[in-house]
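Q: Need coordinates for the following:
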Amino acid sequence: MRSNRRQFMLGSLGAAMLPFAATHAVAAGYPDRPVTFICPWPAGGTADVTMRALCTAAARELGQSVVVDNKTGASGMIGLKALASAKPDGYTIGQIPISVTRFSQLGMVQVDPLKDLSYIARVSGQTFGIAVRAEAPWKTLKDLVADAKANPDKITYGTAGLGGATHVGMEEFAIAAGVKFNAIPFKGGAEALQALMGGHVDVLADSSSWAPHVKSGKLRLLATWGEQRTTEFKDAPTLKEAGYNVVVDAPNGIGAPKGLPADVAARLRAAFKVAAASPEFAAACARIDAPLMYLDAPDYEKYVSASVAKEKLLIERLKLKELMSKN
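A: Numbers count the residues shown, from 1 in each chain. Purely as a prediction, here's the structure:
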């Protein structure tokens, strides 16, 4: 009788272990086919170039191709929505624009950054700045602020869409400086840059799309928005150095749909940690003066949570809901 009972218990335990064993076996063999990486920005852009370099390095670690799929539109939110809606098996991952912490609260995307995504790594930031044409009357940021104080709402600036990082960052700066600019939204940074070059706006607030034109002498960089001066543009002060407590870096992160198996998540975290430290990723970031800002998943998730709280205050302070409803 005791023997039969022991056999029953062993049999039950073995049956209970089967799902775990099957799951573990699948995770151990991950990945056994190419992984799709959703980039929510256009091919050839600064984010796309750096993400492709990162994926090349990660593919070596994973032993499988990481295929970049550009799903663009709505300031990165179309690609993000596709990522959040994918099967959480590790075969669809992608870039997470930090602006989801703002857009989700504005109702512009039905994705909760704290509930609908799995975080893998934060990898790099962006270099934002304020640029004007070389022939513009403002030689320094101080000149621009003085003119804006004397002429409220007269100075126009181009931005890659209302509610995006460049628009919100410029408005933060305007509040800190006690001035009012006239924001002119475009479909993207490339269009805003063209508008500045063509004389249709006075100022450009954008990521490093202005970099080659500053180097060629066609544009003048008045300030950058990071914690520290950039390597390539050491003569341009940060907003903080100029006396305005505003920092905008919009870090790029890698994530997956919520519900990623723990073993698969660990495999991806390890691969992207190595990739983020790879020479090709560092070189791609250096070409656009993008700072490396690596964080592993737990710290990255904490950063996103803090960003949600920060954006809530910004939305109220800048009255973004009212502004977006008018446009």
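
Q: quick one: low-confidence parts of the chain?
A: Low-confidence segments of the chain (pLDDT under 70): 1-28, 326-327.

Q: where along it do the helices fall?
A: 2-28, 46-62, 77-85, 100-103, 141-150, 165-177, 189-197, 211-216, 262-276, 279-287, 297-318, 320-325 (DSSP state H).

Q: Which of these sits closest to K115?
A: helix 77-85 (9.6 Å; CB to CB). All C-beta atoms are positioned from the backbone trio N, CA, C, and that covers glycine.

Q: what's that closest one packed up against?
A: strand 35-39, strand 92-97, helix 100-103, strand 252-257 (3 or more CB pairs under 8 Å, 6 or more residues apart in numbering; DSSP states H and E).

Q: Run the angle between it and strand 35-39 for me.
A: 150 degrees (axes from the mean of the first three to the mean of the last three CA atoms, to 10 degrees).

Q: The strand ranked longest in the chain - contacts with which helices or strands?
A: Of all segments of type strand in the chain, defined using DSSP state E, the longest is strand 117-124. Packed against strand 117-124 by the contact rule (3+ CB pairs under 8 Å, 6+ apart) you find strand 92-97, strand 252-257, helix 262-276, helix 279-287, strand 292-296, helix 297-318.

Q: Now do the fifth one and helix 279-287, the angle between them.
A: For strand 292-296 and helix 279-287, the angle between their directions (the same axes, to 10 degrees) works out to 130 degrees.

Q: Return the set of buried residues in strand 292-296.
A: Across strand 292-296, burial judged by 16 or more other CB atoms under 10 Å covers M293, Y294, L295, D296.

Q: Rebuild those residues as CSV, extending it with distance to A270.
A: Below are the buried residues of strand 292-296 laid out as CSV (distance: CB to CB, whole Å):
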residue, distance to A270
M293, 19
Y294, 13
L295, 15
D296, 10
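
Q: so what strands line up beside the longest strand of the chain?
A: strand 252-257 (antiparallel), strand 292-296 (antiparallel) (DSSP bridges).

Q: so the longest one versus strand 92-97, what angle?
A: Inter-element angle recorded for strand 252-257 and strand 92-97: 140 degrees (by the same axes, to 10 degrees).

Q: Quick one: residues in contact with strand 252-257.
A: Residues from elsewhere that reach strand 252-257 (CB atoms under 8 Å, 6 or more residues apart in numbering): 47, 50-51, 54, 83-88, 90, 92-98, 116-126, 265, 268, 272, 300, 304.

Q: separation between the residue lying closest to A58 once chain neighbours are set aside and S124?
A: Using CB to CB, 6 or more residues apart in numbering and skipping residues adjacent in sequence, the residue nearest A58 is A275, 3.9 Å away. A275 sits 11 Å away from S124, going by CB to CB, to the nearest Å.

Q: Spit out the residues that contact these two alike.
A: F281.

Q: any chance of the helices and strands packed on helix 77-85 in TSV, with mean neighbour count too?
A: Output for the helices and strands packed on helix 77-85, formatted as TSV (neighbours: other CB atoms under 10 Å):
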stretch	mean neighbour count
strand 35-39	22
strand 92-97	25
helix 100-103	24
strand 252-257	25
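
Q: need these in CSV with distance to Y244, can you?
A: Output for the helices and strands packed on helix 77-85, formatted as CSV (distance: least, CB to CB, whole Å):
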stretch, distance to Y244
strand 35-39, 32
strand 92-97, 24
helix 100-103, 20
strand 252-257, 24
